[in-house]
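Novice: Predicted structure and sequence below. I'll ask about it afterward.
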Amino acid sequence: MRTDFQHLLVHQDGGVLTVTMNRPEVLNAFNDTMLEELGETMDSAAQDASVRCIVLTGAGRGFGAGQDLRTFAAGHASGEAPRVSEHLKKYHRVVYAIRNMPKPVVAAVNGVAAGISCNIALACDLRIATEDARFIEAFARIGLVPDGGGGYFLPRLVGLGKALEMAMLAEEVSGVEAERIGLVNKCVPAAEFEAATHALAHKLANGPTRSYALIKELMNKSLESDLATSLELEGELQDKAMGTEDHREGVAAFLQKRRPNYTGR
Ligand code: T3D
């Protein structure tokens, strides 16, 4: 696993890989280097069997402030509206990598998460936030539409009405409110954030990793399928789960009245 990045800090502790976006002077706004480094790290993490949970977070007082707006200003200076659809594909690589990651990805939102940084957090499987975190679908503030999967993930997480409200009004949603509306799974006081994130990540990293990958596939595909298709898929995936060592270990541990020791195989 490469760790010598310009704008990412990458640290592995047991099965947990913590990836920290590291441009704190601009609240971890994305430039191209950080975006490419994140894509590369997510691709590597997917291949590395020693990584069993990924935590994505930000350095300093923010998770991320979206695209670095200075690059927009430079584009506008040329006099023509920049075409960003090609550039967005670099973000889409990250969204797909998270979505297809055969292990859990947790967004640990330690402060402000605005624009496309907010939506990268929404692409993750689980979200933990500080009570004073600030989620902002900031796009309408500058006359844009939610990108980075925001139009997909946001209504699925909070429902269409709330998604439209967040996207149109572009107001801040606190960590407490985010937990209430289902935008995050858990919010904790800032003083407890590191310990709570550590506990969640290590619980996942010590879990039945292949089962988690199959759960992701089942749940994510169900959003696009009818009941019959989903029931068909659950059979296929359960056949695979039944063939894992972790399934056998889970049953043996239950019968022997002990804690299971899952290896991710
Ligand atoms: O390119 C494509 O493919 C298209 C993709 C578009 C995706 C998008 O994400 S569009 C949305 C871009 N993001 C925003 O519009 C958010 C802009 N930032 C803010 O509105 C505020 O900074 C925050 C609400 C996020 C935080 O406010 P606050 O008061 O806590 O902090 P601050 O003082 O505004 O920011 C601290 C510093 O970070 C400041 O620099 P300074 O004055 O100390 O030198 C600020 O300029 C800088 N910063 C914050 N966000 C960005 C940024 N610099 C560049 N780009 C940013 N996005």
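Specialist: That came through fine. Numbering: from 1, shown residues only.
Novice: what's the lowest-mean-pLDDT helix or strand in the chain in contact with?
Specialist: Lowest by mean pLDDT, DSSP states H and E among the helices and strands of the chain is helix 69-77, with a mean of 81. If you take C-beta atoms under 8 Å, 6 or more residues apart in numbering as the criterion, helix 69-77 is touched by 29, 31, 32, 82, 142. Backbone N, C-alpha and C define where each C-beta goes, glycine included.
Novice: Establish whether it and the ligand are in contact.
Specialist: Yes: Helix 69-77 reaches the ligand (C-beta under 6 Å from any ligand atom) through 69, 70.
Novice: can you pull the buried residues of that helix?
Specialist: Of all the residues in helix 69-77, those buried under the rule 16 or more other C-beta atoms under 10 Å are residue 71.
Novice: quick one on the thing from earlier: can you pick out the most distant pair from the contacts of helix 69-77?
Specialist: 32 and 142 (19.2 Å; C-beta to C-beta).
Novice: Sticking with residue 216, tell me its helix or strand.
Specialist: Assessed by DSSP states H and E, residue 216 sits inside helix 209-222.
Novice: May I see the buried residues of that helix?
Specialist: Quick answer for helix 209-222 (16+ other C-beta under 10 Å): 209, 210, 211, 212, 213, 214, 216, 217, 218.
Novice: Now for the contacts of helix 69-77, which sits with the most neighbours around it?
Specialist: Among the contacts of helix 69-77, residue 29 has the most neighbours (other C-beta atoms under 10 Å), with 22 neighbours.
Novice: Can you tell me how far that residue is from residue 227?
Specialist: Residue 29 is 43 Å from residue 227, where distance means C-beta to C-beta, to the nearest Å.
Novice: Return the residues in contact with residue 26.
Specialist: 65, 68.
Novice: Tell me which residues are up against the helix or strand where residue 11 lies.
Specialist: Here residue 11 is covered by strand 8-13, with elements defined by DSSP H and E. Contact with strand 8-13 is made by 1-3, 17-22, 34, 37-38, 41, 50-51, 59, as judged by C-beta under 8 Å, 6+ apart.
Novice: cool, and stretch 197-213?
Specialist: By C-beta under 8 Å, 6+ apart, the surrounding residues in contact with stretch 197-213 are 14-16, 18, 52-53, 55, 57, 102-104, 106, 108, 126, 128, 186, 240-241, 244, 246-247, 250, 260, 262, 264-265.
Novice: Might one say that residue 2 is in contact with residue 42?
Specialist: No: look at residue 2 against residue 42 with C-beta atoms under 8 Å: they stay out of range, at 12.0 Å.
Novice: quick one on the thing from earlier: quick check: next helix or strand after the least confident helix or strand of the chain?
Specialist: helix 85-100.
Novice: Provide the contact partners of that following helix at residue level.
Specialist: 30, 32, 35-36, 38-39, 42-43, 46, 56, 105, 116, 119-120, 123-125, 147-149, 220.
Novice: Swap in 7 Å and give it another go.
Specialist: 35-36, 38-39, 42-43, 46, 105, 116, 120, 123-124, 147-149, 220 (C-beta atoms under 7 Å, 6 or more residues apart in numbering).
Novice: Need the max-distance pair from those residues.
Specialist: For the contacts of helix 85-100, the farthest-apart pair by C-beta to C-beta is 36 and 220; their separation is 25.2 Å.
Novice: which helices and strands sit right next to the helix or strand that residue 236 is a member of?
Specialist: Counting by DSSP H and E, the element that carries residue 236 is helix 227-242. Applying 3 or more C-beta pairs under 7 Å, 6 or more residues apart in numbering; DSSP states H and E, one finds that helix 227-242 makes contact with helix 209-222.
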